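1. sequence plus the predicted model coming up.
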Amino acid sequence: MMSPDTAAQQLDGRTVREIVEHNHEMVSEAWCRRIVRQVLQSLEVQYGMRMPHRVITPDTLLILDSGDPMLLPSSDEEPDPDALPEIEARDVHDLAAVVHYAVTLDLAPTTPLRGRPLGEYSESFIEAIDRCLAPDPAARPRTIEQMRELLGIVVLAPPPPPPFDDAAPLPPDEDEAAPAPPAAPAVEPAVEQTIAPAPSFAPPPAPVHVPRTRSAPDPAASPAATQRPRRWLLIGIVALVVVGALLALFALLRQADSSDALALSVPPALEDPYNASEAPLVTLPQAPEARLEGPVIDETASGAPLAAPPAPDAVVPPTAVQLAPKGTPPEAAVAGTTYTLAVKPWGTIVVDGVERGASPPLRRITLPPGEHTIRIVNPSFPEHTVTVHSVEGQSGTIELDFTEERAQ
């Protein structure tokens, strides 16, 4: 059997003396109250189970690494029930003496705490400890409940089991033979057959906190080990879900990029500018509007009689066109304002609702005198509309850069 000294060496903790001598800064009112509260609760359990313990001193009161105090056990015999009140009164006095030593570093409580420069300790705490160490034993608290009342400790846990009663029957010893039947008045046989003697048993012992030692393995470690594979499985599932979500997002981004690329595709007019008149770039569904019809005046003719419009299957589109009002014969057409077109990257020129070609390659356009509406259309950019007033013999410039607007 392991001796108490050996058990104390293997516990994860230090005695009160070691803490006070080497780390006195740990001592405070909260620290002392925790020791008193838990030691009183432990004493109640030991009294109820008649478990012997050592005399409470700074060397027999161990403070575990968790901060919980522990009374070292004793190898003495079971205490006499008649001596329990005296033992309880002695333990209350000894516990207060340990607290007095922790606060003042005096092994013997010769002077009270009141009147000393102790620091941040409440008046109720100082008065309670001095009361427990009063010179007159009659003025001291003699029970655990009395000491709790002095310190204002409220017990939230269920009360410990009551101590053993000598009048109650004790369970038979294993080494003893079957007990002889007790002397009792004679009863009827029928009653003896139906009523069985009630077994004598002791009240169930209250749970006792057993500190973890270095030699004994922790029983709770085994269930925790079984949880590790399950935890890694959950982590793997979460990782797969995250990867799947990232792949789906990447696919959506690629699809969006492809849609943008289709919207910015090069129109056929730029790939084959000479056949642009055969395949219009933009067809806008709209109600028929007033149209200007008449012969096309080629400015390269230098005043010569104007020829009829070129055939639909003309190979080379004009780079400059001149419009005349409807019903005007070619020889009487009067040139109005000539506009130089500078459209980037390209745009379809629509004059008064009639497409006149893509610029480039269309560079100039001459409008008859009067007011005209010019629309410049590019499917990749917002449409632009301008209204001009053409005057005979004048010139102007229509300049538009779609890319600058997108950059803004």
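-> Done, it's in.

2. look up how far Pro112 lies from Leu133.
-> Distance, Leu133 to Pro112, using C-beta to C-beta, to the nearest Å: 7 Å. Backbone N, C-alpha and C define where each C-beta goes, glycine included.

3. so what sits against both of these two?
-> By C-beta atoms under 8 Å, 6 or more residues apart in numbering, Leu133 and Pro112 have no common neighbours.

4. mind showing which ranges of the stretch 251-400 of the chain have poor pLDDT?
-> 256-335 (pLDDT under 70).

5. from what I see, Trp346 and Ser359 are in contact.
-> Yes - using C-beta atoms under 8 Å, Trp346 is in contact with Ser359, at 6.8 Å.

6. list the contacts of stretch 83-99.
-> Counting by C-beta under 8 Å, 6+ apart, 16, 32, 35-36, 39-40, 43, 47, 55-58, 61, 79, 109, 129, 132-133, 140-144, 146-147, 163 sit against stretch 83-99.

7. so of those, which ones are in strands?
-> Secondary structure from DSSP state E places Leu61 of the contacts of stretch 83-99 in strands.

8. show the buried residues in the contacts of stretch 83-99.
-> 16, 32, 35-36, 39-40, 43, 47, 56-58, 61, 79, 109, 129, 132-133, 140-142, 144, 147 (16 or more other C-beta atoms under 10 Å).

9. so which of the residues you listed belong to helices?
-> 16, 32, 35-36, 39-40, 43, 47, 129, 132, 144, 147 (DSSP state H).

10. want to try JSON lines for these, with distance to Ile398 and pLDDT as columns?
-> What follows is these, written out as JSON lines (distance: C-beta to C-beta, whole Å; pLDDT from 0 to 100):
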{"residue": "Val16", "distance to Ile398": "99", "pLDDT": "96"}
{"residue": "Cys32", "distance to Ile398": "95", "pLDDT": "96"}
{"residue": "Ile35", "distance to Ile398": "95", "pLDDT": "96"}
{"residue": "Val36", "distance to Ile398": "97", "pLDDT": "96"}
{"residue": "Val39", "distance to Ile398": "99", "pLDDT": "95"}
{"residue": "Leu40", "distance to Ile398": "100", "pLDDT": "95"}
{"residue": "Leu43", "distance to Ile398": "104", "pLDDT": "94"}
{"residue": "Tyr47", "distance to Ile398": "108", "pLDDT": "90"}
{"residue": "Ile129", "distance to Ile398": "101", "pLDDT": "96"}
{"residue": "Cys132", "distance to Ile398": "106", "pLDDT": "96"}
{"residue": "Ile144", "distance to Ile398": "104", "pLDDT": "95"}
{"residue": "Met147", "distance to Ile398": "103", "pLDDT": "95"}
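
11. and of those residues, the nearest to Val242?
-> Ile35 (49.9 Å; C-beta to C-beta).

12. was I right to think that closest one contacts Pro69?
-> Yes - judged on C-beta under 8 Å, Ile35 makes contact with Pro69 at a distance of 4.7 Å.

13. who touches both of these two?
-> 61, 63.

14. what residues of stretch 380-392 count as buried?
-> 381, 384, 388, 390.

15. touching it from outside, list them.
-> With C-beta under 8 Å, 6+ apart, stretch 380-392 has contacts from 263-264, 334-337, 339, 347, 367-377, 396, 398, 400, 402, 405-406.

16. Val45: what secondary structure?
-> helix (DSSP: H, G, I helix; E, B strand; the rest coil).

17. burial count for it?
-> 16 (other C-beta atoms under 10 Å).

18. contacting residues around Thr397?
-> 339-340, 342.

19. which of those residues has the most neighbours?
-> Tyr339 (25 neighbours).

20. phi, psi for that one please.
-> phi -110, psi 130 (degrees, to the nearest 10).

21. mind listing what it touches?
-> So Tyr339 contacts 364-367, 388, 395-398 (C-beta under 8 Å, 6+ apart).

22. mind running it again at 7 Å?
-> 364-365, 367, 396-398 (C-beta atoms under 7 Å, 6 or more residues apart in numbering).

23. how much space separates it from Phe381?
-> 20 Å.

24. cool, Glu123 as well?
-> 85 Å.

25. and what of Ser74?
-> Taken as C-beta to C-beta, the span from Ser74 to Phe381 is 96 Å.

26. and for Asp130?
-> The value you get for Asp130 to Phe381, if C-beta to C-beta is used, is 93 Å.

27. then Arg254?
-> 24 Å.

28. kindly report the same for Leu95.
-> 90 Å.

29. for Val99, phi and psi?
-> According to degrees, to the nearest 10, Val99 has phi -60, psi -40.

30. report how many residues lie close to it.
-> Other residues close to Val99 by other C-beta under 10 Å number 26.

31. helices along this structure, start to end?
-> 4-10, 16-22, 29-49, 84-104, 123-132, 144-151, 189-194, 221-263, 268-271, 402-407.

32. nearest to Arg116, of those helices?
-> That would be helix 84-104 among the helices of the chain, by C-beta to C-beta, at 6.8 Å.
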